[in-house]
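J.: Task: produce atomic coordinates for the following.
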Amino acid sequence: QIHLVESGGGLVPTGGSLRLSCVGSADRFSLSAMGWLRQAPGKEREVVAGINYNGEITYYADSVKGRFTISRDNAKNTVYLQMDSLKPEDTAVYYCAAPEGPSVTPYTEYRYWGQGTQVTVSS
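T.: Below is the predicted model:
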């Protein structure tokens with residue numbers, strides 16, 4: 001079991017930046033891959049970015065490549081999502097999630113979820 005708590009969401013103008021944080025409770029946090037997903041009103045949930053257990057492998061959705069950066073600090077049981085050059089279409093609830101294993105792909109099924117944090121980008 002991994003308990004996840006996100007923070008850092010808010011309202012930001014187009015072109016602005018936000019940094020989301022997600023703290024995990026389990027000792028095995030450092031052994032688990034992590035991901036950030038988002039869901040906008042009326043849309044399906046989509047994977048934004050993922051990172052493997054040691055931070056050496058990452059991937060991003062095409063829609064955020066070059067603008068978002070996922071990273072982790074296993075000493076702090078924390079994963080981050082730095083979001084730059086934000087657009088109104090980035091408005092969504094952002095979720096931190098963890099699968100069962102150390103690796104993650106765009107098709108990974110996530111088992112543990114945070115409560116979500118709202119990101120709103122004004123036009």
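J.: Any figure for the gap between the most centrally placed residue in the chain and S123?
T.: In the chain, the centroid-proximal residue (Cα atoms, centre = their mean) is W36; its distance is 2.2 Å. In this structure, W36 and S123 are 23 Å apart, going by Cβ to Cβ, to the nearest Å. Using the backbone N, CA and C atoms, a C-beta is placed for each residue, glycine as well.
J.: okay, now the residue lying closest to R38 once chain neighbours are set aside: neighbour count?
T.: Distances taken as Cβ to Cβ, 6 or more residues apart in numbering put A92 closest to R38, at 3.8 Å, once the chain neighbours are dropped. Residues near A92, counting by other Cβ atoms under 10 Å, number 22.
J.: go on, Y94?
T.: 23.
J.: In contact with it, which residues are there?
T.: Neighbouring residues of Y94 by Cβ atoms under 8 Å, 6 or more residues apart in numbering: E6, G9, L20, W36, L37, R38, V48, L81, G116, T117, Q118, V119.
J.: go on, L11?
T.: Contacts of L11 by Cβ under 8 Å, 6+ apart are T120, V121, S122.
J.: what do you get for G10?
T.: By Cβ under 8 Å, 6+ apart, G10 lies in contact with L18, Q118, V119, T120.
J.: follow-up on the earlier one: so in terms of bridging, what pairs with the residue nearest to the centre of the chain?
T.: A49, C96 (DSSP bridges).
J.: Model confidence score at it, please.
T.: At W36, the model reports a pLDDT of 98.
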